[in-house]
Structure formats: structure tokens, C-alpha cells
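Participant: sequence unknown, structure follows:
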């Protein structure tokens, strides 16, 4: 009796499987919570409106002499954003980590092809395609320009996505490590610096004679893929078909090179062991032989004060979110006065912005402890213990913020060549720093909130957002009001033309700021000692 063979259905292609997988990831992610669904839908609406506005702007620029510069540079900026996006948003897309596929019997070429097609599914690729389409519409004229635009638009969009994936695959072990999480937490700093640079560049353009000053940059970026594809559209519209073909071929070659780099990274990732922990055992032995205090411990005072300061300073270097908050505050506190000074619109009093940014680091002191605050609470039994704890935390913060405030003020005065106002500006900055530190101690005791450690972008636990914003904004307002007497004295001395007495604001401001710190600690200590269970419950959420 012969065996009966039944026809088997052909296996689906790997590409279709990955596309369905990507759609399933998006769908299941939206089902997790109503808030995530609302955020995703609002992102679609905002992105659609933004893309429509950009396309309309590009269409209105048709025929303008500067349309080619704007189109090429905007495309180059979009490509740069795609390149750095994986470094700062490593958890934004589950498919960014190909190490999840290590155990599957997949060959490199089909895997890369499937991942590339699946990567085109999403809001980002669609918005990029629309934006590149608008850029091409602004420079496409005639039959030749239209034909090249039909090729250039999808080629540019796919190159952007391939660039992002190649960078992610090459750095996937960094992105999934502690350093990668630290890098992701610094994305806010990069955005702030970028906004200042854009503002600075826009003002420079206005002073340098308009968009004509962009022509040298356009000439360079126009040969860099994928902006070169948009440059090819412009060249074809102007009748320079050889240049158009060269730029189009250059972009295609860049896409092929990116895919090859991506494939090599995938192969290396899937066949080579992770050597990031090599040497850890020998390093551990070396660390065990060293004394626990180290150099930092020898510089700090003894007793509880030194131990708490040591713990706070170690938080800055080891805890990702604490480190990100410090680096962001230090950088923005320097960038704002410095950039305004370079632009010619600043004042030495802008250095007080650094005091405000650094002073906010004192807010929610117990939130950085999280559920580990119970160990701190075990050491606090009296108001004196609470005062010693808060004082040591304030001293650890002031050990960095005091010299940094003086540095920012001195650098701002040097750029503005306004050394005569350095004493009064530094006095005001120190007074504001003291006010923010004192109010921060009080708000830490009255309005504590949790900082989730398992999320790269949430700095407040769900349900505590209003509490966090209320404590920060309220403390900032009260801190500003506490500095009103010193501000009033500064204004009076200027109005009454008593400039010879303005130097007194430096010692007065320093003393006034220190008194505000002591007053804040005195007010916060009894509240901290009496609210230990409430503080522990608040900082342990999430």
C-alpha cells in the first residue's frame, strides 16, 4: 500500500514574516495602556500636520533661488537625525536589537532584506518619505527632474532607514549596556544644545546676508548621501544630467555600502561572544584590595557628614538618571549664558540661570534613593539626625555647584568684557543658589516622589507628575521671591548711581545665600523626621 502524500503549503517569505511581526509589535504595544494609545495617535496627528506644513512650505518655495539650499540641507539634517537616533533612543523600537534573533537559523542576506523592509513600517519612515518628497517637489522642474525625483525620493528614504539600522547594529552592545542607557538619558542635553545651535545659526544667517551664506554648505552636503539624491533632482532640473547621474549613483552606492556594513555587523554579532566582561574578575580582585574610602573618602569630613556626602557624590557618577540630571544642568547652565553672550544679546546676569538649574538638583533628594530610602530612614530617629542628613546632602551638592557658579559667571563676564559687574552678578547668583538649595530641602521633605529606574525616559512615577511639577515650580517661585531683597538692593544702587558700593553685593549675596540654606535645612529637618513612612511610600512607587 503506497503512502499518501499531501501537498504542503509553501513557507511564507522571511520578509513578510518580519513585516507581520513589526505590525504585531505595534498593535500589541498599543494594547498595553490607553495612555500609550493616546500618545501614539497624537503623534500620528501631530506628525501628519507637521509633514503637511513642511510639504506646503516646500511647494511654495518652488522657483525660489534658495530652494535647492533648503531642500538639500533639510534632507541632510534628517539623515543626521536618523543616524544618531539609535544612540539616544535604543528602546524606542524592539527590532533595533538584532541579538534577539541569535538563536534562529537565519542567513544574513535574507535577514537584512527582511529587517530593512520591516524597518520601513512605522511613523518615522513615512514622515521621512513625505518630507523628502516635499524637498524633491521644491527643486523638480521639467521631465528630467521629475524622472530623477521618482528615483531619488524612495532612495533617500530607504538610505536614511538603512543608515539608522546599520548604526544600531554596529553599536547594539553599547546600546544595551549601562553606558548605552546613560547615553540615552543624555538625549535631552543633546536636544537642548541642538536648539541653542539652531538659534545661534539662525541669528548668524540673519546677520550674514540671508540664505546666500548657506551656498558653501549646500555645495558640500549636496554630494553627501542621501542629500545627494535631492541634489541630483536639482541638477537634472537645471540640465546638468551628468552631475545628476553621479549624485544618484553615489547615493545608491552609499545604500549598498550601508547594507553591507549592516550585514557584517549582524554576522559579527551573531557568531562572536560578548567580551564586554572580560577581565572583570581580575579587576574585582584589584578593587577588593583597595580600601573602601578611596581618594574621595579621604577628602571628605569624618562621621555621618562625610559618609552621606560620599554616597551623594557616588550617585552622581554611578546612577544613570542622577548623572543625566547633573550633566544636563551643568551643560545647559553654561550654554544659555554663553550662547547669549556670543550672540551679543546676553547679560552677565544670565549667569544666574546656572544657579537656577543647579539649585533644582536639590529638589526631591530622597527620590534618587528609591526603595533603598528605608536604609536611610533607619538612621534617622531625631530631628538632629534629619538635619545632619540634609546638611550633608546639601554640602555634597554645593561642593560642585558653588565653584561651577563662579566659573560660569566669570566666563560670561569675560566674553562680554564686563568685569566691573562680576561681583554683583556673582553675589546674586550665589544668593539664588542658596535660595534654591534651601527650598529644595523643604520640598524634598514635603513633596517627595519616585524616580522609576526601569524606564529610560520617565523621571516621575505614574500619578506623581503633578506633584513633581508643583514642587519644582513652587520652589522656583519661592526661591526667586527670597532673592527679591538682594535684587531690589542691586536696582537701587544702580538707579542711585552708587556704583562704588556694588562690590558689597558679593559678600552680602554669599552670606544671604548661606543663611537661606541654613533656614531651609532647619525647616525641613523636623518635617523629614516626622514623615519618614510617607516619604518611603512616595519614593518607592513605580
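Facilitator: Alright, I've got the coordinates. Only a predicted model underlies this, so the values are computations on that prediction, with no experimental measurement involved.
Participant: Tell me how far residue 326 lies from residue 22.
Facilitator: Using CB to CB, to the nearest Å, one gets 37 Å for the distance from residue 326 to residue 22. Where you see a C-beta, it was placed from the backbone N, CA and C, and this is true even at glycine.
Participant: swap in residue 229?
Facilitator: Residue 229 is 25 Å from residue 22, by CB to CB.
Participant: of the two, who's got more company?
Facilitator: residue 229 (32 against 21; other CB atoms under 10 Å).
Participant: helix, strand or coil for that one?
Facilitator: Assigned state for residue 229: helix (three-state reduction, DSSP: H, G, I helix; E, B strand; the rest coil).
Participant: now the helices: where do they sit in the stretch 201-350 of the chain?
Facilitator: 215-221, 227-237, 241-271, 280-289, 294-299, 303-318, 320-342 (DSSP state H, counting those that start in this stretch).
Participant: pLDDT averaged over the shortest one, what's the number?
Facilitator: Which is helix 294-299. Taken as a whole, helix 294-299 has a mean pLDDT of 65.
Participant: among the helices of the stretch 201-350 of the chain, which is the most enclosed?
Facilitator: helix 227-237 (a mean of 29; mean count of other CB atoms under 10 Å).
Participant: since we're on the closest residue to residue 116 other than its chain neighbours, how many residues are nearby?
Facilitator: Nearest residue to residue 116, sequence neighbours excluded (CB to CB, 6 or more residues apart in numbering): residue 162, at 6.2 Å. As a burial measure, residue 162 scores 25 neighbours (other CB under 10 Å).
Participant: for the one 3 residues further on, same thing?
Facilitator: Residue 165 has 27 neighbouring residues, counting by other CB under 10 Å.
Participant: Please renumber the chain so that the first residue is 597 from this point on.
Facilitator: With 597 as the first residue, the last one maps to residue 761.
Participant: The helix or strand hosting residue 748 packs against which elements?
Facilitator: Here residue 748, judged by DSSP states H and E, is contained in helix 738-766. For helix 738-766, the packing partners by 3 or more CB pairs under 8 Å, 6 or more residues apart in numbering; DSSP states H and E come out as helix 663-684, helix 704-715, helix 719-735, helix 823-833, helix 837-867.
Participant: Quick check: mean pLDDT of the fourth one?
Facilitator: I take that to be helix 823-833. pLDDT averaged over helix 823-833 gives 92.
Participant: Pull the distance from that helix to the chain's centre.
Facilitator: Taking the mean of its C-alpha atoms, helix 823-833 sits 33 Å from the chain's own mean (CA atoms, centre = their mean, to the nearest Å).
Participant: what's the angle between that helix and helix 837-867?
Facilitator: In terms of direction (axes from the mean of the first three to the mean of the last three CA atoms, to 10 degrees), helix 823-833 departs from helix 837-867 by 160 degrees.
Participant: Quick one: residues in contact with helix 823-833.
Facilitator: 664, 667-669, 671-672, 675, 728, 731-732, 735-738, 740-741, 743-745, 747-749, 751-752, 755, 817-819, 837, 839-844, 846-847, 850 (CB atoms under 8 Å, 6 or more residues apart in numbering).
Participant: quick one: low-confidence ranges for the stretch 747-896 of the chain?
Facilitator: Applying pLDDT under 70 to the stretch 747-896 of the chain flags the ranges 768-809, 866-893.
Participant: How about the helix or strand where residue 1064 lies, which residues are buried there?
Facilitator: Using DSSP H and E, residue 1064 sits within helix 1061-1078. Of the residues in helix 1061-1078, 1063-1064, 1067-1068, 1071-1072, 1074-1076, 1078 count as buried by neighbour count, 16 or more other CB atoms under 10 Å.
Participant: ok now it, how far from the chain's centre?
Facilitator: 23 Å.
Participant: Tell me how far the closest residue to residue 748 other than its chain neighbours lies from residue 743.
Facilitator: Closest residue to residue 748 apart from its sequence neighbours, by CB to CB, 6+ apart: residue 825 at 3.8 Å. When distance is defined by CB to CB, residue 825 is 13 Å away from residue 743.
Participant: that older thread, with residue 633 as the reference, name the closest of the helices of the stretch 797-946 of the chain.
Facilitator: helix 916-938 (26.4 Å; CB to CB).
Participant: I'd like the next helix or strand past that closest one.
Facilitator: helix 948-955.
Participant: got a list of contacts for that following helix?
Facilitator: Outside helix 948-955, the residues that reach it (CB under 8 Å, 6+ apart) are 925-926, 928-930, 932-933, 993, 996-997, 1000-1001, 1004-1005, 1021, 1024-1026, 1028-1029, 1031-1033, 1036, 1072, 1075.
Participant: same thing but 7 Å
Facilitator: 925, 928-930, 932-933, 997, 1000-1001, 1004, 1024-1025, 1028-1029, 1032-1033, 1036, 1072, 1075 (CB atoms under 7 Å, 6 or more residues apart in numbering).
Participant: same thing with stretch 646-655?
Facilitator: Looking at stretch 646-655 with CB under 7 Å, 6+ apart, the contacting residues turn out to be 667, 723, 726-727, 729-731, 733-734.
Participant: Closest one of the residues you listed to residue 863?
Facilitator: residue 723 (31.3 Å).
Participant: after the helix holding residue 1064, next one along is what?
Facilitator: helix 1080-1091.
Participant: wouldn't residue 1108 be in contact with residue 1029 here?
Facilitator: No: in this structure, residue 1108 is not within contact of residue 1029 by CB atoms under 7 Å, at 10.8 Å.
Participant: Pick out whichever of those two has more residues nearby.
Facilitator: Between residue 1108 and residue 1029, counted using other CB under 10 Å, residue 1029 has the larger neighbour count: 31 against 23.
Participant: I'd like the buried residues of helix 1061-1078 as TSV, with distance to residue 942 and pLDDT appended.
Facilitator: Formatted as TSV, these follow (distance: CB to CB, whole Å; pLDDT from 0 to 100):
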residue	distance to residue 942	pLDDT
1063	35	67
1064	30	71
1067	30	71
1068	25	74
1071	26	76
1072	21	77
1074	26	86
1075	22	83
1076	20	82
1078	25	90
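Participant: quick check, nearest of the residues you listed to residue 1009?
Facilitator: residue 1076 (22.3 Å).
Participant: circling back: any chance of the helices and strands packed on helix 738-766 in JSON lines with distance to residue 948 as columns?
Facilitator: Converted to JSON lines, these look like this (distance: least, CB to CB, whole Å):
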{"stretch": "helix 663-684", "distance to residue 948": "30"}
{"stretch": "helix 704-715", "distance to residue 948": "46"}
{"stretch": "helix 719-735", "distance to residue 948": "39"}
{"stretch": "helix 823-833", "distance to residue 948": "41"}
{"stretch": "helix 837-867", "distance to residue 948": "47"}
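Participant: Out of these, flag the one nearest residue 1133.
Facilitator: helix 663-684 (33.2 Å).
Participant: and that closest one, which residues are buried?
Facilitator: 663-672, 674-675, 678, 681-684.
Participant: now the angle between helix 837-867 and it, please.
Facilitator: Using the same axes, to 10 degrees: helix 663-684 against helix 837-867 is 0 degrees.
Participant: packing partners for helix 663-684?
Facilitator: helix 719-735, helix 738-766, helix 774-781, helix 811-817, helix 823-833 (3 or more CB pairs under 7 Å, 6 or more residues apart in numbering; DSSP states H and E).
Participant: closest one to residue 906 among the ones you listed?
Facilitator: helix 774-781 (20.9 Å).
Participant: List of residues touching stretch 740-756?
Facilitator: 671, 674-675, 678, 721, 724-725, 728-729, 732, 736, 821-822, 825-826, 828-829, 832-833, 837, 840, 844, 847-848, 850-851, 854.
Participant: I'd guessed residue 1122 sits against residue 980; true?
Facilitator: No: if you go by CB under 7 Å, residue 1122 and residue 980 don't touch, sitting 10.1 Å apart.
Participant: neighbour-wise, which of those two wins?
Facilitator: Neighbours around residue 1122 and residue 980, counted as other CB under 10 Å, are more numerous at residue 1122. The numbers are 14 against 11.
Participant: element containing the more buried one?
Facilitator: Counting by DSSP H and E, residue 1122 is found in helix 1101-1126.
Participant: centre of the chain versus that helix, how much separation?
Facilitator: Worked out by CA atoms, centre = their mean, helix 1101-1126 lies 32 Å from the chain centre.
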